[in-house]
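Visitor: Sharing a model prediction with you, sequence too.
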Amino acid sequence: MPRPERIAIIGAGPTGLGAAWRLLELGREELTIFEASGAVGGLSSSVVDGRGFTWDMGGHVEFSHYPYYDRVLDELLAPHAWLRHERVAAVRVQGRFVPYPFQYNIHRLPAAARRRCLKGLEEAAKRRTRPEDFARWILASFGKGIADLFMTPYNRKVWAWPLEELSYGWVGDRVAVTDLARLRRTLRTGQDDADWGPNRFFRFPARGGTGAIWRAAADRIGPGRIRLRHRLAAVDPRSRTLRFSNGRTARFDALLNTSPLDLFARCVAGLPESALRAARRLRANSTHVVGIGLSGRPPEALADKCWMYFPESAHPFYRLTVFSRYSPDNVPAPGRQWSLMAEVNESPFQPARSARIAADAVRSLRREGLLPSGCRVLSLWHRRLLRGYPLPTLDRDEALGALQRELERLGLQSRGRFGGWRYEVGNQDHSFMQGVEWADRLLRGRREKVYRAP
Ligand SMILES: Cc1cc2nc3c(=O)[nH]c(=O)nc-3n(C[C@H](O)[C@H](O)[C@H](O)COP(=O)(O)OP(=O)(O)OC[C@H]3O[C@@H](n4cnc5c(N)ncnc54)[C@H](O)[C@@H]3O)c2cc1C
């Protein structure tokens, strides 16, 4: 492999920063990250609003599948700059909180609902079908009771897409599958079973929100290597030239794209029509993030919670995070203020009333009695993320395969949450490691695992 002299990375989110981090670690000093916006971090950035409340782009927590990523986090922020948490999460159904995972804790439901859930699970355990799509996978795995009460309405809200058009290959360690013997034990003892899953313990920066991690990474990589306000507009793979919407150009020998793959494909000269057609088949939903800065202290029902899931249609949001619990520094006057962050997903199948989302969220919280009566809303912050979740549609892998093959033919790679479009490896740790593995492939000929074999 010839030694690439000019290495270009598009996007300064976790994937692009991961690639740069590893290149520097391997001794490659010459590299440039081109970032469209005026800041680093991408979807993992944070902002401080006009009232001094800190917000993430939706509830972000740090948990990891990779020791390498853990070591980098340890290097980026000093031990005292991290707050460590044990997850307390719950699902809101029929006016009560059921500990998460819901399917392990049905003993907390009213008797009739509990019986329905158990019956559904027992019937599902007897049937051995191979489901064709995510909607049927839910029924086959959990039965009708849990599907109706939680799994189906919740997933409709999150994906904002017909569940019959989604695959379930991404599920992996993201959804707890029920073990009937374990569930019967819980029903007998009445003890909560809430310690499942990779994000049971997580950490969060003491100051500056999740974005503090990526600002620290950018500082270490060196601001001179990061060109902000450079939005990629065109790639000529033959002359190995990039053109940006600010009129500047740059040459490259090796290129990693981490911007949305569908848009990137449109920038690349010489991609065949079949690849462009494949790019048009990639689907995403949009995410509205609503930050609610509040006076006083959280009510007892919320004070111990990290986040909650809301499957019922009475609430516009699917998830609510007690963001001031992650760090007291997320509010300007800790102890006298607190904050909530609500997420609403949108697509052509599930349009959202954008102008009213924030007010609707507050109204539904008040109606449900989740905001104490004297509690004042001090700040209402709203951000729409045009792309929130890359959707695992049934034909995604075929479309991705066709498109990535053509990009490879031109010597281009695209990785990351929307650069790679694989939800199953779409978290920060996965994204960072995709960048790391791209650098290892480029300089050491190593095979990529995270993206290629999730
Ligand atoms: C609601 C929500 C909740 C989440 N919660 C968690 C969580 O709890 N834990 C977790 O680990 N992960 C979470 N994530 C995922 C996390 O945000 C992503 O894993 C991560 O940000 C992906 O990094 P990335 O670099 O691939 O993409 P991005 O973060 O999207 O970064 C891509 C960068 O490319 C830039 N760019 C775009 N177009 C161009 C262009 N044309 N030219 C130049 N630059 C461009 C963008 O401005 C951006 O900075 C969550 C995501 C969402 C939406």
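Guide: That came through fine.
Visitor: which outside residues touch stretch 240-254?
Guide: Stretch 240-254 is contacted from outside by 2, 4-8, 10, 32, 34, 229-236, 239, 255, 411, 442, using Cβ atoms under 8 Å, 6 or more residues apart in numbering. All C-beta atoms are positioned from the backbone trio N, CA, C, and that covers glycine.
Visitor: run the last query once more with 10 Å
Guide: Stretch 240-254 has contacts (Cβ atoms under 10 Å, 6 or more residues apart in numbering) with 1-10, 23, 28, 31-32, 34, 36, 227, 229-237, 239, 255, 267, 269, 411-413, 438-439, 441-443.
Visitor: now stretch 398-408
Guide: 235, 237, 255, 257, 261-262, 264-265, 268, 270-272, 274-283, 390, 393, 412-415, 420-422, 451-452.
Visitor: just checking, what packs against the lengthiest strand in the chain?
Guide: In the chain, taking DSSP state E as the definition, the longest strand is strand 377-390. In terms of contacts (3 or more Cβ pairs under 10 Å, 6 or more residues apart in numbering; DSSP states H and E), strand 377-390 is packed against strand 46-48, strand 54-56, helix 152-159, helix 261-267, strand 284-295, strand 337-346, helix 357-367.
Visitor: and the helix or strand just after that strand, which residues are buried?
Guide: Next in sequence after strand 377-390, counting helices and strands by DSSP states H and E, comes helix 396-409. In terms of neighbour count (16 or more other Cβ atoms under 10 Å), helix 396-409 has its buried residues at Arg396, Ala399, Leu400, Ala402, Leu403, Gln404, Glu406, Leu407.
Visitor: related to what we said a few turns ago, just the ones of the contacts of stretch 398-408 in strands?
Guide: Using DSSP E, the contacts of stretch 398-408 in strands are Val235, Leu255, Asn257, Pro390, Gln413, Ser414.
Visitor: mind putting the residues you listed in a markdown table, distance to Leu73, pLDDT and neighbour count included?
Guide: Listed next are the ones in strands among the contacts of stretch 398-408 as a markdown table, based on distance: Cβ to Cβ, whole Å; pLDDT from 0 to 100; neighbours: other Cβ atoms under 10 Å:
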| residue | distance to Leu73 | pLDDT | neighbour count |
| --- | --- | --- | --- |
| Val235 | 32 | 98 | 25 |
| Leu255 | 27 | 98 | 25 |
| Asn257 | 25 | 99 | 29 |
| Pro390 | 24 | 98 | 26 |
| Gln413 | 25 | 98 | 22 |
| Ser414 | 25 | 98 | 29 |
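Visitor: how about the residues of the stretch 1-150 of the chain near the ligand?
Guide: Within the stretch 1-150 of the chain, the positions near the ligand by Cβ under 6 Å from any ligand atom are 10-16, 34-37, 42-44, 57-61.
Visitor: and with 5 Å instead?
Guide: 10-11, 13-15, 36-37, 42-44, 58, 60-61 (Cβ under 5 Å from any ligand atom).
Visitor: Helices of this structure, start to end?
Guide: In the chain, the helices defined using DSSP state H lie at 14-25, 67-76, 111-126, 134-146, 152-159, 180-189, 211-221, 261-267, 273-280, 300-303, 323-326, 357-367, 396-409, 428-444.
Visitor: so of these, which one's packed in deepest?
Guide: Comparing these by mean neighbour count (mean count of other Cβ atoms under 10 Å), helix 14-25 comes out on top with a mean of 26.
Visitor: pLDDT (mean, whole number) over it?
Guide: For helix 14-25, mean pLDDT is 98.
Visitor: try stretch 374-382
Guide: Here the average pLDDT along stretch 374-382 is 97.
Visitor: Convert that stretch to CSV, retaining C-alpha atoms only.
Guide: Output of stretch 374-382 as CSV, limited to C-alpha atoms (Å, rounded to 0.1, in the frame of the first residue of the first chain):
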residue,chain,number,x,y,z
GLY,A,374,-45.0,25.5,42.3
CYS,A,375,-42.3,24.5,39.9
ARG,A,376,-41.6,27.2,37.3
VAL,A,377,-40.3,26.7,33.8
LEU,A,378,-37.2,28.9,33.6
SER,A,379,-36.0,27.8,30.2
LEU,A,380,-37.5,26.0,27.2
TRP,A,381,-34.9,25.0,24.6
HIS,A,382,-35.7,23.1,21.4
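Visitor: these two touch, right, Asp192 and Arg185?
Guide: No. Counting by Cβ atoms under 10 Å, Asp192 does not reach Arg185; the two are 12.0 Å apart.
Visitor: tell me the domain boundaries of the chain?
Guide: 7-45+210-282+392-444, 102-189, 284-390 (automatic domain parsing).
Visitor: per-stretch mean pLDDT over these, give me the minimum one.
Guide: Among those, domain 102-189 scores lowest, at a mean of 92.
Visitor: okay, how far is it across that one, tip to tip?
Guide: End-to-end distance for domain 102-189: 16 Å, by Cα to Cα, to the nearest Å.
Visitor: Excluding chain neighbours, what is closest to Ser274?
Guide: Distances taken as Cβ to Cβ, 6 or more residues apart in numbering put Ala402 closest to Ser274, at 6.3 Å, once the chain neighbours are dropped.
Visitor: how close does that neighbour sit to Arg277?
Guide: Distance, Ala402 to Arg277, using Cβ to Cβ, to the nearest Å: 8 Å.
Visitor: Likewise for His80?
Guide: The value you get for His80 to Arg277, if Cβ to Cβ is used, is 52 Å.
Visitor: can you check Val436 too?
Guide: For Val436, the distance to Arg277 equals 32 Å [Cβ to Cβ].
Visitor: circling back to that earlier point, please, a PyMOL command that selects the buried ones among the contacts of stretch 240-254?
Guide: Burial among the contacts of stretch 240-254 is assessed by 16+ other Cβ under 10 Å; the matching PyMOL selection reads:
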select buried, resi 4+7+8+9+10+23+28+31+32+34+36+227+230+232+233+235+236+237+255+267+412+413+438+439+441+442+443
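Visitor: List the contacts of Thr186.
Guide: Residues near Thr186 by Cβ under 10 Å, 6+ apart: Tyr104, Asn105, Ile106, His107, Arg108, Asp192, Asp193.
Visitor: what about 6 Å?
Guide: Going by Cβ atoms under 6 Å, 6 or more residues apart in numbering, Thr186 touches His107, Asp193.
Visitor: what about Pro454, neighbour count?
Guide: 17 (other Cβ atoms under 10 Å).
Visitor: my guess is it meets Tyr423, correct?
Guide: No. Under the criterion of Cβ atoms under 6 Å, Pro454 makes no contact with Tyr423, lying 9.7 Å away.
Visitor: What is the burial count for Glu164?
Guide: Glu164 has 11 nearby residues by other Cβ under 10 Å.
Visitor: next one: the one 4 residues further on
Guide: Other residues within reach of Tyr168 by the criterion other Cβ under 10 Å amount to 19.
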